[in-house]
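In: please find the sequence and the predicted model below.
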Amino acid sequence: MAHALPNRVLPGRAFKGTRLIPYILRQWPSLAAIILFSILNSVISAAQPWPMKILVDYGLMGSAVPESVRAVLESLNWTPTAGVLVVAASMMSLAIFVLRSGLQVGLVWAWSLAGQRMVYDLTADLFNRLQRISLSEHNRRPIGDSLSRLSFDTWSVYSLTSGLLTPGQHVLTLVTTAAVAWRLDRQLAVLSLAMAPLLAVSSFYFGRKLKRRARLGREAQSRLLSFVQQTLGAIPLVQAFSREELNRERFHTLSNESVALSQQGAVLNRTYGLVNGFVITMGSAIVLYVGGERVLTGTLTLGSLLVFLTYTRSMERAAEGVLKTYSNLKPVEASLDRVLEIFEGDNHVPESPRPKPFPAPSRGCGAHLRFKDVTFGHEPGRPVLKNINLEVNPGETLALVGRTGVGKSTLASMIPRFVDPWEGHVAFNRVDVRDVSLRLLRENVAIVLQEPYLLPRTVAENIAYGRPDASREEVIAAAVAASADEFIRQLPSGYDTVLGQKGLTLSGGQRQRLSLARAFLKDAPVLILDEPTSALDADTERSLMEALERLAKDRTTLIIAHRLSTVMRADRVAVLHEGTVAEYGSPAELLESNGIFQRLHDLQFLGAAPREAAS
C-alpha cells in the first residue's frame, strides 16, 4: 500500500524561488543570449506585417509610395512600379521569415543549454541532500516520492526561469508593437489594449485552481511511482503470496486516480484558454468593426487596417502571455514546494557549525563510548529510550539484549548519528558526537547489519564501498579475513563478478560474509553488529562466528542480537526493558541473577518454561 505523502507547510517567503536563483545566475551567458535574441525578435516582429501594407496600399491600390520606401528601392536601382512593389513585398516577407526563424533557433538552443544545466545542477544538489537526510525521515518517505522529486520536480528551476524571462519577451513585443501601432492609429491602439484587464482577472481566478490541481496531480503520480517501486522491490513476497491480481487492481486504482486528476487539470487549462480566447476574439472583433468603418469613410487605408489587425493580434497575445505568468507559475510552485521541502525542511542530521578536532582513537585499541542520560523516541511524547546510561571502554564488547522494538538498534545508531537523542548525549572518546565532523565520525564506525546492503556492482567494488581507493590486495585480504575468499573465487568472474540486485544471486551467508569483508577493509575502531546472524541457519551462524570474533578484536564493539549465542562472549551485556537498562553485567553474572537475561537464555537453550523476571 502506498504511503501517504508529507504535506508540510513551508515558512512564508517573499519569493519562493529565491533558493533557486544561484542555479539560474550560473547560466548567465546563455541567459544573456536569450535576452539578446528576444530583443531582436521583438524588433523583427514589429516589421513583419509591413510587406502586406506595401503590397496592398502601394502595389495593388496604387497609393503614393512614401519617400522612405522609394529611397530604399532606388538604392537597389529598382523603379517603384506596381510589379516591383509586389516583388519587393514578397522578398521582404521572405527575409523577415528567415531572420525570425534564425532567431527562434538561437532561442531554442540557448534555452536548451541553460535549462538542462540548471536542472542537472539542481538535481545533483537535491540528490546529495536526499543522501544526507536522517534515516527516520528516509523511513517515512517512500523511495518513489524521492525519485519523483528528482525526476520531475527539479524541472521547476527551468519552468521558473522560463516563467520569469518569457513575460519579459512578451513585454518587449508589446511595447515595440504598441509603439508602432500608436503612431499608426491611436484610437485603434487603445481599443486593442482594452481587453487586458479582463485577461488579468481571468489569470488570477484560474491561477490558484491550477496550482492546487497541479499539486494533487504530482502527489498522485508520486503515489503510483512509489507503489510500483515497492512492488517490484518485493517480487518474491508478491509471488509467494499470489498478490499479482491484487497489485494489478491497486495499480489500476492509483493510475485511475492520477488520470482523473490529469483530466481535471486538462479541462481546467482548456477552460482557462477558452475564456482568454473569447476575450481576445472579442477585442479583435471590436477593432475589426471600428477599423472597417474607418476604411469605408476613407480615414484609414486597407493596408493600414491589415497591418493593425496583425498588430492587434500580436499585442493581445503578448498581453495574454504577460498576464498568464501568474497562472503559469502556480503549477510550477507546486513542484517548487516539493523541492524546497527537501532543502529547507528539518529533515537532516545537523552539522556542528564549528566542529571540534576529531578525538582520534589509538590504533588497535578501539574507542571509548558513553551514553549519558539518553532519552529518545520516534514520535513526540512517546519515548522509546529513557535516561540510558552506559559506558564501553576501548577494546570492550557490549551486547544489547531485549525484546523487539525495545530500542537496541536505535541506541546503537546514535553513535554514527543516524539519529540524535532528545535529551542527554553520546560521547566518542569523551567528546559529544554532535560536536565533531559527521564525516569523520562515520569514517570511524563500521556497521554489519542483519540485511547486508549489496549493490549491483562487482564483488570487489562492494567490499571496497567504504574505501574505494583500496588496492586489490587489500580487498582480497579483507575477504580472506571474513572467510569469503573461497566462495568468491568460485564465482564466474571471481572478484569481478557483477552481483544481482541486492546481491540476491548469493546465499544469505555469502552476502553476510561480503558485509563482514567490507567492515574488515574499513578497519574502523568502533564496530556495530546489528543482528548479523539472526537470519542465518545454525551451521552458517557457527561458521561466521570466527570471522566475527576476528573482526571485533582490538575494536570497541556493540552487538545487538536476539540469539544469545552471539553475545555470550561479550565482556558485558545490557538488557533493555521498557526503555531502560533493566540488567547490566557480564553474561556469567546475569545468568546467575535469575532475571530477564536468564529467562531468555533458558528459553533459547533449554526450552524451559519462562521464569519470573526480576523487575
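Out: Great, that's in hand.

In: which stretches of the stretch 51-200 of the chain have low pLDDT?
Out: 57-65, 67-70, 74, 136, 139, 144, 160-165, 193, 196, 199-200 (pLDDT under 70).

In: whoops, the stretch 201-350 of the chain was the one
Out: The low-confidence ranges in the stretch 201-350 of the chain, as defined by pLDDT under 70, are 203-204, 207, 211, 233-242, 316, 319-331, 345-347.

In: all strands of it, in order?
Out: With DSSP state E, counting those that start in this stretch, there are no strands along the stretch 201-350 of the chain.

In: and what of the chain?
Out: 369-376, 385-392, 397-401, 423-428, 431-432, 445-449, 526-530, 556-560, 572-577, 580-585 (DSSP state E).

In: most packed of the ones you listed?
Out: strand 556-560 (a mean of 26; mean count of other CB atoms under 10 Å). Every C-beta, even on glycine, is put in place using the N, C-alpha and C of the backbone.

In: what lines up beside that one in the sheet?
Out: Take DSSP bridges as the rule and strand 556-560 pairs in its sheet with strand 397-401 (parallel), strand 526-530 (parallel).

In: isn't residue 570 right next to residue 587, touching?
Out: Yes: using CB atoms under 8 Å, residue 570 is in contact with residue 587, at 6.4 Å.

In: between these two, which contacts overlap?
Out: residue 399 (CB atoms under 8 Å, 6 or more residues apart in numbering).

In: of these two, which one has the most company?
Out: More crowded of residue 570 and residue 587, by other CB atoms under 10 Å: residue 570, with 22 against 18.

In: other SSEs contacting the longest helix anywhere in the chain?
Out: Ranked by residue count, the top helix of the chain under DSSP state H comes out as helix 244-297. Identification of packing neighbours for helix 244-297 by 3 or more CB pairs under 8 Å, 6 or more residues apart in numbering; DSSP states H and E yields helix 186-193, helix 196-232, helix 302-344.

In: okay if I get the ones you listed as JSON lines plus distance to residue 19?
Out: As requested, these are exported to JSON lines (distance: least, CB to CB, whole Å):
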{"stretch": "helix 186-193", "distance to residue 19": "36"}
{"stretch": "helix 196-232", "distance to residue 19": "18"}
{"stretch": "helix 302-344", "distance to residue 19": "6"}
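
In: buried sites along stretch 82-92?
Out: For stretch 82-92, the neighbour count (16 or more other CB atoms under 10 Å) marks 85, 88, 89, 92 as buried.

In: out of those residues, which is nearest to residue 303?
Out: Lowest distance from residue 303 to these (CB to CB) belongs to residue 89, with 10.1 Å.

In: next up, the contacts around the closest residue to residue 481 other than its chain neighbours.
Out: Leaving aside its sequence neighbours, residue 481 sits nearest to residue 520 (CB to CB, 6 or more residues apart in numbering; 4.7 Å). Residues near residue 520 by CB under 8 Å, 6+ apart: 477, 478, 481, 482, 550, 551.

In: please pick the buried ones from the residues you listed.
Out: Using 16+ other CB under 10 Å, the buried ones in the contacts of residue 520 are 477, 478, 481, 482, 551.

In: shaky segments in the stretch 401-550 of the chain?
Out: For the stretch 401-550 of the chain, the ranges with pLDDT under 70 are 534-541, 543.

In: just the helices in it please.
Out: Assigned helices in the stretch 401-550 of the chain, in chain order: 408-412, 438-443, 459-463, 472-481, 485-489, 508-522, 538-552 (criterion: DSSP state H, counting those that start in this stretch).

In: which two from the contacts of residue 520 end up farthest apart in space?
Out: 477 and 551 (13.0 Å).

In: give me the neighbour count for the residue nearest to residue 308 when sequence neighbours are not counted.
Out: If the residues on either side of it in the chain are set aside, residue 308 comes closest to residue 188, at 5.4 Å by CB to CB, 6+ apart. Residue 188: 23 surrounding residues under other CB under 10 Å.

In: contacts only, for residue 188.
Out: Contacts of residue 188 (CB under 8 Å, 6+ apart): 181, 287, 290, 291, 308, 312.

In: could you redo the last one with a cut-off of 10 Å?
Out: 181-182, 286-288, 290-291, 294, 300, 304-305, 308-309, 311-312 (CB atoms under 10 Å, 6 or more residues apart in numbering).
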